[in-house]
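S.K.: Give me a 3D structure for the following:
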Amino acid sequence: MSLSNGLPLAIKIERPDGRVLVSSWAVPFGYRGDVDVDDLFSPYKSSVYSYEGESLTTWAHSGVIDDKYLFAQSWVANIRFTDEWKTRTIEQANEELAKYMGSVVEVCQMTSFDEKYLMRNYSGTCEGLTQRFEIVAAVIVMKDDVPQYEASVMTLNSFLAERYPESGFVQYRDLRGESWTISTCVGQFHDQKRPVGDDTKSYLFNRLIFGLRLIEEP
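M.R.: All right, here's what the predicted structure looks like:
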């Protein structure tokens, strides 16, 4: 798996309870000092952006554009909404998030570029190279903690371990080279209040982070 070669990749999450969620396809780009990240990581460019911090860390978009799910939307929607599309409370969201612990994540990456992949969601059947991980840490960073989260880009795992010690990140931060962190936005929950005068867009309220452990080389 390469998170900087520009070849389309997608993931499939197989939860212990049997539920399967798939991402859309995305083009992976790695950190480059000469590139405008806001432009490169635009939600309209079907991209994911990665950098080396305490672990390899990838930023992925969630949401829907032109009826197409962005990379992380399937699991973000599952955690934020019930199957009846009712917005979950914070407690309900964390209960759903707990079901992802122990999930097997299969990464599929194509060996050549074809724009057709970016026009559709991943079927779950890989025609390229695969690599497998296990979700061993998972947390929703609540709105009040987002500023500190954003200030901890290079020490994210340590911040999560200290602020959310029950999330699995205490053990996860010791994995180093065998780990992969995926971060995305998750919107406002049913019982989450908006402070007076706060103009944060509802879909940017919180952050959702998975910590993955490598279990199978390609």
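
S.K.: contacts for the helix or strand of the chain with the lowest mean pLDDT?
M.R.: The helix or strand with the lowest mean pLDDT-type score in the chain, counting by mean pLDDT, DSSP states H and E, is helix 37-40 (a mean of 70). With C-beta atoms under 8 Å, 6 or more residues apart in numbering as the test, helix 37-40 has contacts from Phe29, Ser47, Tyr49. (Each C-beta comes from the backbone N, C-alpha and C, glycine too.)

S.K.: Following the chain onward from it, which element is next?
M.R.: Sequence-wise, the next helix or strand beyond helix 37-40 is strand 47-52, with elements assigned using DSSP states H and E.

S.K.: So which bits of that next one are buried?
M.R.: Of the residues in strand 47-52, those with enough neighbours to count as buried (16 or more other C-beta atoms under 10 Å) are Ser47, Val48, Tyr49, Ser50, Tyr51.

S.K.: returning to that earlier point: can you tell me which of the contacts of helix 37-40 lies closest to Gly124?
M.R.: The shortest gap between Gly124 and any of the contacts of helix 37-40 belongs to Ser47, at 21.1 Å (C-beta to C-beta).

S.K.: so where is this structure shaky, pLDDT-wise?
M.R.: When the per-residue scores of the chain are filtered using pLDDT under 70, the ranges that remain are 32-37, 119, 217-218.

S.K.: quick one, helices of it?
M.R.: Using DSSP state H, the helices assigned to the chain run over residues 37-40, 73-80, 90-98, 146-150, 156-163, 169-172.

S.K.: Between the ones you listed, which one is closest to Gly197.
M.R.: Between Gly197 and the helices of the chain, the shortest separation by C-beta to C-beta is 16.0 Å, and it involves helix 146-150.

S.K.: For the closest one, C-alpha coordinates in CSV please.
M.R.: Once non-C-alpha atoms are left out, helix 146-150 reads as follows in CSV (Å, rounded to 0.1, in the frame of the first residue of the first chain):
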residue,chain,number,x,y,z
VAL,A,146,-11.0,19.9,18.3
PRO,A,147,-8.7,22.9,18.8
GLN,A,148,-6.2,20.8,20.8
TYR,A,149,-6.6,18.0,18.3
GLU,A,150,-5.7,20.3,15.5
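
S.K.: Now tell me what touches it from outside.
M.R.: Outside helix 146-150, the residues touching it (C-beta under 8 Å, 6+ apart) are Val141, Leu156, Phe159, Arg163, Phe205, Asn206, Arg207.

S.K.: got the angle for the longest strand along the chain vs helix 73-80?
M.R.: Of all segments of type strand in the chain, defined using DSSP state E, the longest is strand 129-141. Angular relation of strand 129-141 and helix 73-80 on a 0 to 180 degree scale: 30 degrees, by axes from the mean of the first three to the mean of the last three C-alpha atoms, to 10 degrees.
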